[in-house]
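S.K.: Give me coordinates for this.
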Amino acid sequence: MEHVAAAAIVDARGIVTAWTVGARRLTGYPAEEAVGRAAADLLVGEPSRAVRRALTGIVLVRRRDGDLVELGLTACPVVGPDGVPEAYIITAGPPDEPEPTLSGRMFQQAPMPICTFDTDLRYLRVNDTACRVLGATPSELIGRRFVDTMPDEEAARRFAGRVRQVVRSGSSVRFETFGRAPSEGREHAWTIEMWPVRDAAEGVAAVAVAAFDSTEEHGARRRLALLNEAATAIGTTLDVVRTAEELVEIAVPRFADFVGVDLLEWVLGTEETPPPEPTGDVVLRRVAHGSVTDRTPESAVAIGEKDLYPAFSSPARALRLGRAVLSRAGDPDFERWTADRDALSPRSSEHREGMHAMLAVPLRARGITLGVAVFVRISHPEAFAPDDAVLAEELASRAAVSVDNARRYARERATALALQHSLLPRRPRGQAAVEVSHRYLPSGSLAGVGGDWFDVIPLSGSRVALVVGDVVGHGIRSSATMGRLRTAVRTLADVDLPPDELLTHLDDLVTHLVPSHGGEDVPEVGATCLYVVYDPVSRLLSAAAAGHPPPAVVPAGGPARLVEMTAGPPLGVGGFPFEATELTLPEGSMIALYTDGLVEGPDGDFEKGTAEMCRALSIPADSLDAVCDHVLESVLPDQPGDDVALLLARTRILGGDRVATWDVTRDPAQVGVARQAASEQLAAWGLEEAAFVTELVVSELVTNAIRYGEPPIQLRLIRDRALICEVSDGSATSPHLRRARAFDEGGRGLLLVAQLTQRWGSRQTTSGKAIWAEQPLLP
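M.R.: A predicted model of the protein is given here:
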């Protein structure tokens, strides 16, 4: 601009009273249009407080042709007799542009944006970096208000509020902001420093602002925060699918617009040995995905479906290379992969428009490849950077460890369940003594499957044994210990030991299961057990417990109650006796045996749990199965924290029409009498076809009792699902089979009995022993 000096006189009211030719040349206004007007009408906005106070400075004037011109202004007051200014002589011209000083060059060349604003938020000065960031020249900024130069009005208002805070307080302000500058295509993080610029009178004449680009530091903090959150949010359960979903929830939308997690097929099974590392085309199964759009329309594969990933695709390459693979729009393989996805799912192709960057990361744990996580950016403007690949690998690594833990837990749980179910009775064999129903629920806790078990064991004389137990601990070892105890109980039950004696022998066995040297690798073995024997002939129930909750009994039509009994110590303690409790039950009574997982709820209140169970047992139902279901629904939470075993038995009786008993004196002549009585009873029952074998069995057993036993001697026949012949005497000596030599006159009786009947045995009684033999009957 041509250097022209202008002058004018303005009275105390701000009205122009004189106008020079230089003023006309600078502004375009002739004197007749300028004189008489308010001087403020020629200015763009109000002059800053600093200009009004110092009567000098730079103002912005709108020329007559509409252009804006920046003028350096100086006002000289004309003082009247009373010392009050009566007018001002105004001189103006283009701002001086002296040779920049070293400090001026430093300001202009500073690598961070620096601006100076007057107290009305107008630009006074900007450096080169600020102009580049704002996308404007100094002449386009000087004199304009800051809020008029920013596209984001909300951010501009917040910034202006900070400037006003500095003007009011006179103190420096520092804050951080995140946004997109007018000339930038990507968002930046900025650390803003504001400080007051004071005049000679120590008043705030302007505000200086310096902005430092902290995008990298902001990104590092954001990545660190994401990793910290992932450490607690990924792997909260031992469930493979849920772990994959947690990875998706962490990454969307803060890291990617779409995330899919695909696993190799063997990971979802129970195989322990993984197949060889995948090469070439790879088949994966989608287990989780998510996006910024509801219902994830971008995905070409539904959850649970298999998909073939070609060898050129980023997921297949990531699996093959064992590291993250970056690809973006314009890469041949990326475009080929996108076209392949569009062909696979044309309907979702429109939702993938704008997809410009993809990051595929393998899921690897303990040197084993489990699957791949794919991160995609669509609406997010920035492509993935190398730092993003490092973050994605860290997220995938944490997820992979959790997936592998869940996989190994699922395998061990499946193994323990298979072992436990193989050891538990699938369908207890029907008994004349009781009708049975049972339920077994494995634990839903992370501790794994426990060692709860139950069994129904047929005994001689149509009696039946009911047993439940609980092994301390969880996992395969507990299941294996449970199997050993169940086998031991069956073995001891075959000997027909009373409940208290059986538990004593079982306690000795558990004590010997722990090696004397101990050691960390040898877990402590402990268990509880409840053993109950019911006799349908006498209706007698005999029960003994080793640290186990007592059974509940529900008489027909009556309320449930717990059996009062003395519970001995848990198995494995040793050195303490067990006591048996006996009671007589009416026909149709229901017996409930259970483990503590049923009655110990989340609050651990055993009494409350047993009361709830007794109330549920007391409600009439059509069947035992219905009672089982009702008890579980009423007492258990949705997911039990421990294994639950429930065994219900409804008692029957064998009346006089199915049992026949004779006392036998110790006289060999009584053998024939006993044989005849048995034959007549079989005829009365309509079992003549069994008479021949039965007469032989009665002859041999009664003869042995008379010859080797002690009084009292008794013969009993029981017609159940088998025909049972029992001979009892007062001697405790048990018989045994032996092979007779060719010239022996005796010794063949029990061998004959064993060959003619289905099974035979002996048991101890309160007064001696009983020898019994069973013959199968036609249905």
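
S.K.: farthest residue from the center of the protein?
M.R.: With C-alpha atoms, centre = their mean as the measure, the chain has its most outlying C-alpha, relative to the mean C-alpha position, at Pro81: 90.1 Å.

S.K.: Give me the pLDDT value at Ser291.
M.R.: Ser291 carries a pLDDT value of 91.

S.K.: Just list whatever residues bridge to it.
M.R.: Note on Ser291: beta-bridge partners Phe258, judged by DSSP bridges.

S.K.: That one and Val252: what is the separation?
M.R.: Counting by C-beta to C-beta, to the nearest Å, the gap from Ser291 to Val252 is 6 Å. (C-beta placed from N, C-alpha, C; glycine too.)

S.K.: Mutual contacts of those two, please.
M.R.: Overlap of the contact sets of Ser291 and Val252 (by C-beta atoms under 8 Å, 6 or more residues apart in numbering) consists of 258-259.

S.K.: I'd like the average pLDDT over the helix or strand Val261 falls within.
M.R.: Taking DSSP states H and E as the criterion, Val261 maps to strand 258-263. In this model, strand 258-263 has a mean pLDDT of 93.

S.K.: who's in contact with that strand?
M.R.: Contacts of strand 258-263 (C-beta under 8 Å, 6+ apart): 240, 244, 247-248, 251-252, 284-292, 296, 298-299, 301, 307, 309, 315, 363, 370-376, 378, 399, 403.

S.K.: Tell me how many other residues crowd Phe212.
M.R.: A count of nearby residues for Phe212, using other C-beta atoms under 10 Å, gives 15.

S.K.: Please shift the residue numbers so they start at 19 in all later answers.
M.R.: Yes, from this point I'll number from 19; that puts the last item at Phe230.

S.K.: what residues are up against it?
M.R.: 130, 208-211.

S.K.: So it belongs to a strand, correct?
M.R.: Yes: when DSSP: H, G, I helix; E, B strand; the rest coil is applied, Phe230 is found to be in a strand.

S.K.: give me the beta-bridge partners of it?
M.R.: In beta-bridge terms (that is, DSSP bridges), Phe230 pairs with Thr209.

S.K.: how far away is it from Pro333?
M.R.: 40 Å.

S.K.: Same question for Asp166.
M.R.: 50 Å.

S.K.: Of those two, give the one with the bigger neighbour count.
M.R.: Pro333 (24 against 11).

S.K.: Am I right that that one is in contact with Ala378?
M.R.: Yes: Pro333 sits in contact with Ala378 when judged by C-beta atoms under 8 Å, with a separation of 4.6 Å.

S.K.: Next, show the common contact partners of these two.
M.R.: Common neighbours of Pro333 and Ala378 (C-beta under 8 Å, 6+ apart) are 343, 390, 392.

S.K.: buried residues in the helix or strand where the second one lies?
M.R.: Looking back up the chat, that one is Val390. Per DSSP H and E, Val390 falls inside strand 386-395. Across strand 386-395, burial judged by 16 or more other C-beta atoms under 10 Å covers 387-395.

S.K.: do the same with stretch 662-678
M.R.: 662-672, 676-678.

S.K.: just these now: which is nearest Lys787?
M.R.: Val677 (19.4 Å; C-beta to C-beta).

S.K.: which residues does the nearest residue to Trp208 once chain neighbours are set aside contact?
M.R.: Among residues not flanking Trp208 along the chain, Ala229 sits closest, at 4.8 Å (C-beta to C-beta, 6 or more residues apart in numbering). Contact analysis of Ala229 by C-beta under 8 Å, 6+ apart lists 130-132, 148, 151, 208-211.

S.K.: Just the buried residues out of those residues, in ChimeraX syntax.
M.R.: Filtering these down to the buried ones (16+ other C-beta under 10 Å) takes a single ChimeraX command:
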select :131,132,148,151,208,209,210
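
S.K.: Going by contacts, tell me the helices and strands next to the helix or strand following the strand holding Val390.
M.R.: For strand 386-395, the succeeding helix or strand toward the C-terminus, using DSSP H and E, is helix 404-441. Secondary-structure packing of helix 404-441 (3 or more C-beta pairs under 8 Å, 6 or more residues apart in numbering; DSSP states H and E): helix 233-251, helix 258-269, strand 375-383, strand 386-395, strand 468-476, helix 494-512.

S.K.: Residues contacting the helix or strand just after helix 404-441, please?
M.R.: Proceeding N to C from helix 404-441, the next assigned helix or strand is strand 452-459, under DSSP H and E. When contacts are defined by C-beta under 8 Å, 6+ apart, strand 452-459 is touched by residues 442-443, 446, 470, 472, 474, 482, 484, 552, 554, 609, 615, 641-643, 645-647, 650, 654, 658, 661-670.

S.K.: What about those, which are in strands?
M.R.: Cross-referencing the contacts of strand 452-459 against strands under DSSP state E gives 470, 472, 474, 482, 484, 552, 609, 662-669.

S.K.: Tell me the one of the residues you listed nearest Gly593?
M.R.: For the ones in strands among the contacts of strand 452-459, the nearest to Gly593 is Asp470 (25.9 Å; C-beta to C-beta).

S.K.: Across the sheet, point out what pairs with that closest one.
M.R.: Asp488.

S.K.: for Thr679, same thing?
M.R.: Residues in a beta bridge with Thr679, per DSSP bridges, are Arg734.

S.K.: That one: neighbour count?
M.R.: 13.

S.K.: ditto for the one 10 residues further on
M.R.: Residue crowding around Val689 was assessed by other C-beta under 10 Å; the count is 19.

S.K.: Please look at it and Ile724 and confirm they touch.
M.R.: Yes: applying C-beta under 8 Å, one finds Val689 in contact with Ile724, separated by 7.0 Å.

S.K.: where in the stretch 569-718 of the chain is pLDDT low?
M.R.: The model of the stretch 569-718 of the chain has pLDDT under 70 over residues 619-622, 656-659.

S.K.: so where do the strands sit in it?
M.R.: Taking DSSP state E, counting those that start in this stretch to define them, one finds strands in the stretch 569-718 of the chain at 570-572, 579-580, 585-586, 599-602, 608-612, 662-669, 677-682.

S.K.: who does the fourth one pair up with?
M.R.: It stands for strand 599-602. Partners of strand 599-602 in its sheet, by DSSP bridges: strand 558-564 (antiparallel).

S.K.: All good on my end, thank you.
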